[in-house]
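Peer 1: starting from these lines, generate the structure:
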Amino acid sequence: MNQLDTILHKIVSLEEAKQIVANWRIQGEKIVFTNGCFDIIHKGHIYYLSKARDLGSKLILGLNTDASIKRLKGENRPIKEEESRALTIASFEFIDLVILFDEDTPLNVISTLLPDVLVKGSDYQIENIVGAKEVLANGGEVKTIEFVEGFSTTNYVKKM
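Peer 2: Numbers count the residues shown, from 1 in each chain. Okay, here's the model as predicted:
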């Protein structure tokens, strides 16, 4: 398989992800999940995602669709369309799967996959993280990761 095919095979539907995760569990993998828009990739994203991957052996990223970003962030977002964002994220070696979700939150994805570790940025309180209750009830962990100060897509958009 060539490199592009390897990257493209990481972008999967929720149904495909269920089967892949079931196989990973049989193999004893520790599955980490995080989510976001990841519109303009920057240093903060790389630090955050690589630290998330360090919490397990497989990292799944739930990626907001264009429609869900518009609902959350306004008509001028996203900057990059979902196909480009998914391809960019999937190209990172520390990302094992990318799942696009159209809802405002990834609750359905999290409830379906029930990762071993659910991760969000430290701007979230664990009790307010979508899916935390479900992951904890299933024996999993919920963690937060510190942000790299001064880096955000919103700040880059303001500069443009």
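Peer 1: what about the helices in the chain?
Peer 2: Taking DSSP state H as the test, the helices found in the chain are 3-8, 14-26, 43-53, 66-73, 82-90, 107-113, 132-137, 153-159.
Peer 1: quick check: which of those is nearest to residue 146?
Peer 2: Nearest to residue 146 among the helices of the chain is helix 43-53; the distance by CB to CB comes to 8.3 Å. Any C-beta I mention is one placed from the backbone N, CA and C, and that applies to glycine too.
Peer 1: which sections of the protein are below the confidence cut-off?
Peer 2: Residue ranges of the chain with pLDDT under 70: 148-160.
Peer 1: go again using 80 as the cut-off
Peer 2: Residues of the chain that meet the criterion pLDDT under 80 lie in 147-160.
Peer 1: how about TSV for the helices of the chain, with mean neighbour count and distance to residue 126 added?
Peer 2: Shown next, in TSV, are the helices of the chain (neighbours: other CB atoms under 10 Å; distance: least, CB to CB, whole Å):
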stretch	mean neighbour count	distance to residue 126
helix 3-8	12	32
helix 14-26	14	23
helix 43-53	18	15
helix 66-73	16	21
helix 82-90	18	24
helix 107-113	18	14
helix 132-137	16	6
helix 153-159	12	24
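Peer 1: among the ones you listed, which is nearest residue 98?
Peer 2: That would be, of the helices of the chain and by CB to CB, helix 82-90, which comes in at 4.8 Å.
Peer 1: tell me what the closest one is packed against?
Peer 2: With contacts defined as 3 or more CB pairs under 8 Å, 6 or more residues apart in numbering; DSSP states H and E, the packing partners of helix 82-90 are helix 3-8, strand 58-64, strand 97-101.
Peer 1: switch the ones you listed over to CSV; also include distance to residue 81.
Peer 2: What follows is those, written out as CSV (distance: least, CB to CB, whole Å):
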stretch, distance to residue 81
helix 3-8, 16
strand 58-64, 12
strand 97-101, 11
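Peer 1: closest to residue 131 out of those?
Peer 2: With CB to CB as the measure, strand 58-64 is the member of these nearest residue 131 (9.4 Å).
Peer 1: partner strands of that closest one and their direction?
Peer 2: strand 31-36 (parallel), strand 97-101 (parallel) (DSSP bridges).
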